[in-house]
Structure formats: structure tokens, C-alpha cells
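*Asks:* The sequence and its predicted three-dimensional model are supplied below.
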Amino acid sequence: MGPKGKRLRVVLDTNVVVSAVVFERGRLSWIRDAWTNGTIIPLIDKPTTEELLRVLAYPKFRLNVQEIEVLLGCLLPFAETVLVSRRTAELPRCRDPHDQKFLSLAQGGKADVLVTGDQDLLVLAGQTSFAIETPAAFRGRLAGC
């Protein structure tokens with residue numbers, strides 16, 4: 001929980017979500033526990049969900065359609081869907097244009113934190129109304145609440 005018991009509104013980049021749901025006992029499984037127990041509210045929108053579906057279908061994961069549905073079922077019931085206006089003039093531009101959607105979602109969803117391991121997003125920390133943190137820094141934030 002955040003300040004005064006407030007549930008933190010969080011955007012998780014695709015790699016963080018994949019690590020949290022695909023690797024049940026992996027190093028980021030605690031993030032899945034955080035949304036399951038109501039500590040955080042993961043925010044999603046159409047572009048980020050489409051990317052998640054595309055990544056889960058990568059051959060390296062060897063997931064069939066039913067397995068992907070089960071993994072999505074670990075996230076979607078706990079997530080808040082946000083309708084994001086793509087007007088983001090006040091947002092910094094990400095070096096990787098494919099990552100801009102995470103900034104837009106965080107702003108549009110009034111996120112407290114964007115959690116990512118992507119350097120193209122991490123370099124923008126301090127330039128937005130929401131925090132941009134690594135999973136490790138975010139874990140420290142949750143531990144301090």
C-alpha cells in the first residue's frame with residue numbers, strides 16, 4: 001500500500017508482466033503477489049495488452065492458447081483498464097517510440113509508478129508526474145509502505 005493505505009496505481013512494462021506471470025517462482029513473482037493481494041492496481045490499456053499478447057505468443061515461451069489465457073487470468077481480473085488519450089505533448093519522448101505507450105498509460109491512468117527494466121524508460125525518471133523505477137526500487141518502495 002502507498003501513503004495512508006492507498007493502493008498504488010502501477011504501470012508494469014511488458015517484460016515485467018511476463019516475468020511475473022510466466023515464471024511462477026521467478027525473481028519478479030512478488031509483483032504478481034502484490035496485485036493479487038491488492039497492494040497495487042496494475043493499469044492496462046489496449047496497446048499494452050496487445051503487446052503482452054504478442055510477447056506471450058513468442059515461440060521461446062512455448063505457450064499454447066489455453067496457457068496464455070490462464071496467464072492472462074492471473075492479471076486481468078486485478079487490473080484496471082484505462083482509456084488513454086494519445087495526446088501526450090507534456091510527456092518526454094522515449095528514445096524507443098515503441099515504449100511511449102507505457103508513458104502515455106501511466107499519465108492517462110494517473111499512475112504512481114511505472115515499473116520497468118528498460119533503460120530507454122528509466123532515463124526519463126524525474127521528468128514525469130509519476131515515478132519510473134526498476135523492479136528492485138519498486139520492491140523497496142513497497143517494503144517502505
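*Replies:* Yep, that arrived. Everything numeric here is computed off the predicted structure, so don't read it as measured data.
*Asks:* Sketch out the strands for this protein, chain order is fine.
*Replies:* Along the chain, the segments classed as strands by DSSP state E run 8-12, 40-44, 80-81, 113-115, 131-133.
*Asks:* Return the per-residue confidence for residue 13.
*Replies:* pLDDT for residue 13: 96.
*Asks:* where does it fall, phi/psi-wise?
*Replies:* phi -70, psi 170 (degrees, to the nearest 10).
*Asks:* Residue 69: which of the strands of the chain is closest?
*Replies:* strand 40-44 (15.6 Å; Cβ to Cβ). In this view, the C-beta of every residue, glycine as well, is placed from N, C-alpha and C.
*Asks:* Residue 93: what's it in contact with?
*Replies:* Residue 93 sits next to residue 100 when contact means Cβ atoms under 8 Å, 6 or more residues apart in numbering.
*Asks:* Count the neighbours of residue 28 for me.
*Replies:* 23 (other Cβ atoms under 10 Å).
*Asks:* Which residues are in contact with it?
*Replies:* 16, 19, 20, 135.
*Asks:* separation between the last one and residue 20?
*Replies:* The reference is to residue 135. Distance, residue 135 to residue 20, using Cβ to Cβ, to the nearest Å: 9 Å.
*Asks:* and for those two, which residues touch both?
*Replies:* Listed as contacting both residue 135 and residue 20 by Cβ under 8 Å, 6+ apart are 28, 31.
*Asks:* Give me the more crowded residue out of the two.
*Replies:* Shown here are residue 135 and residue 20; by other Cβ under 10 Å, residue 20 has more neighbours (26 against 20).
*Asks:* Now do the contacts for the more buried one.
*Replies:* Contacts of residue 20 (Cβ under 8 Å, 6+ apart): 12, 26, 28, 29, 31, 32.
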